[in-house]
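Asks: Turn this into a structure:
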Amino acid sequence: MAVAIRTTDFPEGVGTPMYDGVNAVLDDPLVSAFVVSGVASLFVAPLMYRLVRQDEEPDAAMRAAWFLLIFPTAYFLHIGYTESLFLALVLGSFLAARTRHWVLAGLLGGLAALTRINGLVLLLALPAEAVTQWYEDPRVERRLRPEWLGIGLVAVGFGGYLLLNQAVYGDPLTFLQVQREHWFKQLAPPWEGIASAAGWLGDEKLENALLYGVTELTAVAIGLAGTVYAAFRFRPSWFAWMAGNWLLFTSTAFLLSVPRYTLTLFPIMVGMALLARDRWVLVALSLLSLAGFVYFAARFALGGWAF
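Replies: From the prediction side, this is the model:
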């Protein structure tokens, strides 16, 4: 079974080359999706801790990993979606870049772009990290470094995805057609997508108003606030990741699944960790996040829409 469409296009855990490779061995689409997601999820928290530890204290890094695992949509890390695989690859890429292993950073970034289109944002974030390192250590000779060419592997990864679409469907841009036909998504200014979500607030069905209106707009607001915070508090590469993804999530005529996509905006969890230095803040944020996690995970398990 060869499927070239990402799992962000279909809710089932199919659609990445890694999935197809596992499925070729197990010959069970559902089991393969859970195997890929389950194995990848084991790497997410340790990578988060190690990345944050590069710049913050151990306690803050531990809290960041904790908030990532209990984020209201973190149940997607454990089911047949691409969140765990994509996030593990992204965190690994950032960590490799932070420790100046640029070829590895590009390789992991390329695999991320092969998994989801927003992996292309690494083409902004990784160069930002390179420039930051150029200026932050005056002892390092400031010259162009050939290992930075490894960043180009991100584009190679996305090119591989386009070739896969071409090979399977005869059109490298098939995924755009699927997004448009199945999820009513096409590129548009952010204000159009935000307006579409706001339109749900007046829906006569309370459930629709909450899920398609309130939660989507709340996620947009959190993402925007996190982006502004990242601009002043975190490394420029983190800000580039936040800004690029936020624009990508919202630049659609029909806003959908932003709470799920927000799970990949890891600087938000780091910001929560820094805010939670006081025990009462830690407890309050944890309870609030866990409440959302339990509610949305239970809703999803019962077959309801939950992003």
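
Asks: mind listing what the residue nearest to the spatial centre of the chain touches?
Replies: Nearest to the centroid of the C-alpha atoms of the chain, with distances taken as CA atoms, centre = their mean, sits Thr264, at 2.6 Å. By CB atoms under 8 Å, 6 or more residues apart in numbering, the contact list for Thr264 reads Glu83, Phe86, Leu87, Val90, Asn118, Asn245. (Each C-beta comes from the backbone N, C-alpha and C, glycine too.)

Asks: Could you pick out which of those are located in strands?
Replies: Under the assignment DSSP state E, the contacts of Thr264 contribute nothing to strands.

Asks: Highest neighbour count among those residues?
Replies: Neighbours were tallied for each of the contacts of Thr264 (criterion: other CB atoms under 10 Å), and the maximum of 29 neighbours falls on Val90.

Asks: Which helix or strand contains the closest residue to it other than its chain neighbours?
Replies: Taking CB to CB, 6 or more residues apart in numbering, and ignoring the residues beside it in sequence, Val90 has Ala112 as its nearest neighbour in space, at 5.1 Å. With secondary structure defined by DSSP states H and E, Ala112 is part of helix 102-115.

Asks: Return the distance of that helix from the chain's centre.
Replies: A distance of 14 Å separates the C-alpha centroid of helix 102-115 from that of its chain, computed with CA atoms, centre = their mean, to the nearest Å.

Asks: avg pLDDT for the next helix or strand after that helix?
Replies: Note on helix 102-115: by DSSP H and E, the next helix or strand toward the C-terminus is helix 122-136. Along helix 122-136, the predicted confidence averages to a pLDDT of 94.

Asks: what does stretch 94-110 give?
Replies: 97.

Asks: Now that stretch - C-alpha only, CSV.
Replies: Output of stretch 94-110 as CSV, limited to C-alpha atoms (Å, rounded to 0.1, in the frame of the first residue of the first chain):
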residue,chain,number,x,y,z
PHE,A,94,17.4,22.1,16.4
LEU,A,95,19.6,20.2,18.9
ALA,A,96,22.0,19.2,16.2
ALA,A,97,22.2,22.8,14.9
ARG,A,98,22.6,24.1,18.5
THR,A,99,25.6,21.8,19.0
ARG,A,100,27.0,22.6,15.5
HIS,A,101,26.4,19.3,13.9
TRP,A,102,25.0,20.9,10.7
VAL,A,103,24.9,17.9,8.4
LEU,A,104,22.9,16.0,11.0
ALA,A,105,20.6,19.1,11.5
GLY,A,106,20.0,19.2,7.8
LEU,A,107,19.4,15.5,7.5
LEU,A,108,16.8,15.4,10.3
GLY,A,109,15.3,18.6,9.0
GLY,A,110,15.0,17.0,5.6
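
Asks: Please name every helix or strand in contact with the strand or helix carrying Ile222.
Replies: Ile222 is part of helix 215-233 when elements are defined by DSSP H and E. Based on contacts counted as 3 or more CB pairs under 8 Å, 6 or more residues apart in numbering; DSSP states H and E, the elements that helix 215-233 packs against are helix 190-199, helix 236-250, helix 258-261, helix 266-275.

Asks: Tell me which of those helices lies nearest to Arg98.
Replies: Taking CB to CB, helix 236-250 is the member of the helices and strands packed on helix 215-233 nearest to Arg98, at 8.2 Å.

Asks: Name the residues of the biggest helix by length in the chain that are buried.
Replies: As assigned by DSSP state H, the longest helix anywhere in the chain is helix 29-53. Of the residues in helix 29-53, those with enough neighbours to count as buried (16 or more other CB atoms under 10 Å) are 29, 32-37, 40-41, 43-45, 47-53.

Asks: That helix: what's the following helix or strand?
Replies: Counting by DSSP H and E, the element after helix 29-53 in chain order, helix or strand, is helix 58-69.

Asks: which residues touch that following helix?
Replies: Under CB under 8 Å, 6+ apart, the answer for helix 58-69 is 44-46, 48-50, 52-53, 56, 74, 77, 263, 266, 269-270, 272-274, 276-277, 282, 285-286, 289.

Asks: ok, now with 6 Å
Replies: Outside helix 58-69, the residues within contact range by CB atoms under 6 Å, 6 or more residues apart in numbering are Ala45, Met48, Tyr49, Val52, Arg53, Met269, Val270, Met272, Ala273, Ala276.

Asks: for stretch 71-83, same thing?
Replies: With contacts defined as CB under 6 Å, 6+ apart, stretch 71-83 is touched by 7, 13, 33-34, 37, 41, 84, 115-116, 259-260, 263, 289, 292-293, 296-297, 307.

Asks: Export the helices and strands packed on helix 215-233 as a markdown table, with columns for mean pLDDT and distance to Thr218.
Replies: Compiled in a markdown table, the helices and strands packed on helix 215-233 are given as follows (pLDDT from 0 to 100; distance: least, CB to CB, whole Å):
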| stretch | mean pLDDT | distance to Thr218 |
| --- | --- | --- |
| helix 190-199 | 93 | 10 |
| helix 236-250 | 97 | 13 |
| helix 258-261 | 96 | 8 |
| helix 266-275 | 98 | 12 |
